[in-house]
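Asker: output the structure for:
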Amino acid sequence: QLQLVESGGGLVQPGGSLRLSCAASGRPIDWYAIGWFRQAPGKEREGILCLNSGGDSTNYLDAVKGRFTISRDNAKNTVYLQMNSLKPEDTAVYYCAASPRGLCVRSDFDSWGQGTQVTVSS
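Answerer: Numbering: from 1, shown residues only. Predicted structure coming up:
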């Protein structure tokens with residue numbers, strides 16, 4: 001069974017950067033699509049970016065274009081979310097999730113991490 005653990009969240013000032021990690025265990029992630037999602041207080045969870053098993057990325061959220069990037073290191077069984085030029089509205093709990101079909105179809109994600117808090121504030 002695939003397990004996912006996010007890390008790297010914290011408090012950062014506006015304009016700063018963070019890199020989140022999604023470490024997988026139990027199975028290799030080579031054939032999975034891995035996506036990043038976030039949920040702010042009082043709001044629905046929204047998709048951010050996804051990387052399919054072929055290495056192609058899908059951007060779910062226009063608000064992060066040009067600021068956030070997704071990457072994976074299959075040797076480390078880890079997917080990263082690099083976040084630059086952070087804004088207060090990026091404050092949320094960030095989750096990673098895995099899709100066993102290897103595609104970035106939102107309804108396919110069936111394994112989720114516990115989330116990591118990102119707070120952007122001066």
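Asker: which other residues reach stretch 71-87?
Answerer: Stretch 71-87 has contacts (C-beta atoms under 8 Å, 6 or more residues apart in numbering) with 12, 14-25, 28-30, 34, 36, 48-49, 51, 55, 64, 67-70, 90, 94, 96, 118, 120. Any C-beta I mention is one placed from the backbone N, CA and C, and that applies to glycine too.
Asker: so which residues of the protein form strands?
Answerer: Along the chain, the stretches classed as strands by DSSP state E are 3-7, 10-12, 18-25, 33-39, 46-51, 57-59, 68-73, 78-83, 92-99, 111-112, 116-120.
Asker: list the buried residues for the third one?
Answerer: Using 16 or more other C-beta atoms under 10 Å as the test for burial, strand 18-25 gives 18, 20-24.
Asker: show me which of those is closest to Q3.
Answerer: Using C-beta to C-beta, A24 comes nearest to Q3 of the buried residues of strand 18-25, at 6.9 Å.
Asker: what pairs with the closest one across the strands?
Answerer: The partner list for A24 in beta bridges (DSSP bridges) reads L4.
Asker: so it touches A97, yeah?
Answerer: No: counting by C-beta atoms under 8 Å, A97 is not a contact partner of A24; they are 10.8 Å apart.
Asker: can you list residues touching both of these two?
Answerer: Among the neighbours of A24, those also in contact with A97 (C-beta under 8 Å, 6+ apart) are 4, 34.
Asker: so how far is N77 from the residue most central in space within the chain?
Answerer: Centroid-nearest residue in the chain, with C-alpha atoms, centre = their mean: W36, separated by 2.4 Å. Between W36 and N77 the distance, using C-beta to C-beta, to the nearest Å, works out to 16 Å.
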